[in-house]
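**Student:** show me how the following folds:
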Amino acid sequence: MFQNDNVVFSFHGPMGVRVDIGQSIAMLLVLLVVLSGGAMIDSLIFATVLLGSIFLHELGHAWGCKVQGIPVRRILLHGGGGLCFPGRSATPYQQELIVAMGPIVNLAIWAIASLIQWWMWSNMGAGTPSALMMEVSYVLWTVIWLNMALVIFNMIPVQPLDGGKLFHLLMLRLVRPSLAQKITGGVGLVLSIAWIPAAIYAYMAFGWILFFIPSIPAHYRMVRGQLA
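**Tutor:** The predicted model follows:
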């Protein structure tokens, strides 16, 4: 649904890739403000870290394309995340690197931010941390847990998340393509059905709102051997 998001701003990012900003980003920002409970600064920090992490995630996909000689048409950042559009089709082996680079980038961000956080506190000594240090530490902690959350979330084997794509690519290495699609669809179908009560539990227990819901019909079509 976000592929046709109206573009409100574009710029040329790293590697010469065009980056489009969809209007649904504004919806996401408004929602974060509404849910902030008045903590505007914290919401702004969260939104900045989230959008920055998603942008770098999509740049990882773009790098996976570029390094294999596959052009990138554009990156789209929207209210539900981001999309990277290769300029041509890639082989399954090429797709493995392209898909994997997104979560790998988030893992790298998590590791770097964790090291910086550890270095800051280990070199502080016995003194009381300053207000600036506490603020920087809060930003780093947001970067750390949010990027790890993006990795875990993205690796769930449902379509169209990276985990679902990587699981399908793994199945293609092990079984014939038709069976790989059915296995991928079957696993995704079970998780898609379980997603609904899990989302309700996440909201009731932790106050988390999961805006992404995997498509049950799409996974069912894959089980039937049809295109998702």
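**Student:** going forward, measure contacts between C-alpha atoms and count neighbours the same way
**Tutor:** Noted.
**Student:** what's the first helix or strand after the helix or strand bottoming out on mean pLDDT in the chain?
**Tutor:** Scoring the helices and strands of the chain by mean pLDDT, DSSP states H and E places helix 24-35 at the bottom, with a mean of 77. As assigned by DSSP states H and E, the chain's next helix or strand after helix 24-35 is helix 40-66.
**Student:** tell me the mean pLDDT over that following helix?
**Tutor:** Throughout helix 40-66, pLDDT has a mean value of 92.
**Student:** now stretch 178-198
**Tutor:** If you average the pLDDT over stretch 178-198, you get 95.
**Student:** could you give me the buried positions within the least confident helix or strand of the chain?
**Tutor:** Under the neighbour-count criterion of 16 or more other CA atoms under 10 Å, helix 24-35 has Ser24, Ile25, Leu28, Leu29, Leu32, Val33 buried.
**Student:** what about the nearest residue to the second one once chain neighbours are set aside, how many neighbours?
**Tutor:** Spelled out, it's Ile25. Distances taken as CA to CA, 6 or more residues apart in numbering place Gly79 nearest to Ile25, at 4.3 Å, with adjacent residues excluded. For Gly79, the count of nearby residues is 18 (other CA atoms under 10 Å).
**Student:** what about Gly79, distance to Thr128?
**Tutor:** Taking CA to CA, to the nearest Å as the measure, Gly79 falls 40 Å from Thr128.
**Student:** which two in the buried residues of helix 24-35 are spaced the farthest apart?
**Tutor:** Farthest-apart pair in these is Ser24 and Val33; separation 14.4 Å (CA to CA).
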